[in-house]
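Participant: Show me the folded form of this:
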Amino acid sequence: MGLNQPERAPAVRRAMAVLAYLAQEGPSSAADISKELGLPQSSTSDLVHTMLADGLLRRRQDLFTIGPLITDLAAGFVGDAALLDRFATHWPRHPELSRHTVSIQTILGTQSLCVDVRLGNYLLPFTPRPGSRSDTWKGNLGEPVLTCLTADEARATLTAFGAFTAHGPDRTTADSWISLHSRGIQPTPLLAGTGNLELNAALPTGPASSPPTVLTLHLPPEMEDTSGTLADGLAELASTITAG
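Facilitator: Residues are numbered from 1 along each chain as shown. Model prediction:
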């Protein structure tokens with residue numbers, strides 16, 4: 001049993017490959033997974049059904065996506081699991097935001113990890129999914145999500161979680177950009193490397209050792225928020241779901 005049986009290692013690697021593929025591509029069929037892993041469909045069927053039984057996957061008609069166990073584990077990143085319940089409750093009630101895709105991200109070093117998402121009505125260049133990751137640096141330039149953090153928060157996550165991420169500028173260049181742009185607020189949408197326009201609002205959750213948590217509004221690149229209505233709505237939703 002367990003670690004003394006090395007023949008289990010290939011199955012673990014395959015399961016991790018399935019999760020990584022779904023985090024990147026979103027809901028996929030067994031045929032897609034089989035093609036990605038280079039496995040016979042019979043072997044893929046055995047693998048995904050085992051992962052379903054263990055809560056690593058969930059099934060939506062003929063498509064598979066990341067399961068409730070991974071979502072529960074991801075909730076630990078925000079330092080307050082009830083935050084995700086409040087997000088699910090209040091997003092559809094918000095008149096300005098319920099038509100738009102909104103996600104909760106944690107900032108881990110030079111990457112953002114999508115912990116939860118509510119999908120809106122608009123087609124986006126990139127649709128975030130629970131477990132999906134995005135780089136927070138494009139060359140020497142920080143992504144919009146970093147502007148809603150304070151300089152101390154942006155630097156702290158690089159220090160605490162930088163060992164887990166490889167992409168990004170050297171520390172001197174990062175410090176210089178952070179000093180100029182990480183102001184703890186993002187008043188207008190900015191174009192992200194994903195192709196989406198983003199508005200971000202930091203959430204004051206979790207202990208000091210937790211990674212920063214951010215509420216992100218994802219907009220099509222042609223959609224502007226000239227009135228500031230969406231920015232006000234995002235700030236209101238952030239306040240509501242962190243109030244407890």
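
Participant: Which secondary structure element of the protein has the lowest mean pLDDT?
Facilitator: helix 68-75 (a mean of 64; mean pLDDT, DSSP states H and E).

Participant: elements contacting the very next helix or strand once past that one?
Facilitator: Note on helix 68-75: by DSSP states H and E, the next helix or strand toward the C-terminus is helix 82-90. In terms of contacts (3 or more C-beta pairs under 8 Å, 6 or more residues apart in numbering; DSSP states H and E), helix 82-90 is packed against strand 101-108, strand 111-118, helix 229-242. C-betas here are computed from N, CA, C, even on glycine.

Participant: Nearest to residue 124, out of those?
Facilitator: Proximity to residue 124 (C-beta to C-beta) singles out strand 101-108 among the helices and strands packed on helix 82-90, at 6.3 Å.

Participant: Residues touching that closest one, excluding its own?
Facilitator: 77-78, 83-84, 87, 91, 112-120, 122, 124, 127-128, 136, 145-146, 149, 154, 157, 161, 164-165, 203, 210-218, 234, 237 (C-beta atoms under 8 Å, 6 or more residues apart in numbering).

Participant: quick one, what contacts residue 96?
Facilitator: Here residue 96 is in contact with 229, 230, 232, 233 (C-beta under 8 Å, 6+ apart).

Participant: Can you lay out these as CSV showing pLDDT?
Facilitator: What follows is those, written out as CSV (pLDDT from 0 to 100):
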residue, pLDDT
229, 88
230, 91
232, 91
233, 93
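
Participant: Mind naming the longest helix for this structure?
Facilitator: helix 9-25 (DSSP state H).

Participant: returning to that earlier point: can you tell me which of the helices and strands packed on helix 82-90 is packed in deepest?
Facilitator: Of all the helices and strands packed on helix 82-90, strand 101-108 carries the top mean neighbour count, a mean of 25, counting by mean count of other C-beta atoms under 10 Å.

Participant: for that strand, what is the average pLDDT?
Facilitator: In this model, strand 101-108 has an average pLDDT of 92.

Participant: swap in stretch 177-196?
Facilitator: 94.

Participant: mind checking how far it is from the chain centre?
Facilitator: Relative to the chain's own centre, stretch 177-196 is displaced by 16 Å; criterion: C-alpha atoms, centre = their mean, to the nearest Å.

Participant: Same question for stretch 54-74.
Facilitator: Distance, centroid of stretch 54-74 to centroid of chain: 15 Å (C-alpha atoms, centre = their mean).

Participant: repeat for stretch 170-180
Facilitator: 23 Å.

Participant: re the thing from before, and the contacts of residue 96 as TSV, adding distance to residue 99?
Facilitator: Shown next, in TSV, are those (distance: C-beta to C-beta, whole Å):
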residue	distance to residue 99
229	12
230	10
232	15
233	11
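
Participant: which two from the residues you listed end up farthest apart in space?
Facilitator: 230 and 232 (7.3 Å).

Participant: For the residue minimising distance to the centre of the chain, give the beta-bridge partners.
Facilitator: Centroid check for the chain by C-alpha atoms, centre = their mean gives residue 114 as the closest residue, at 1.1 Å. On the basis of DSSP bridges, residue 114 is bridged to residue 105.
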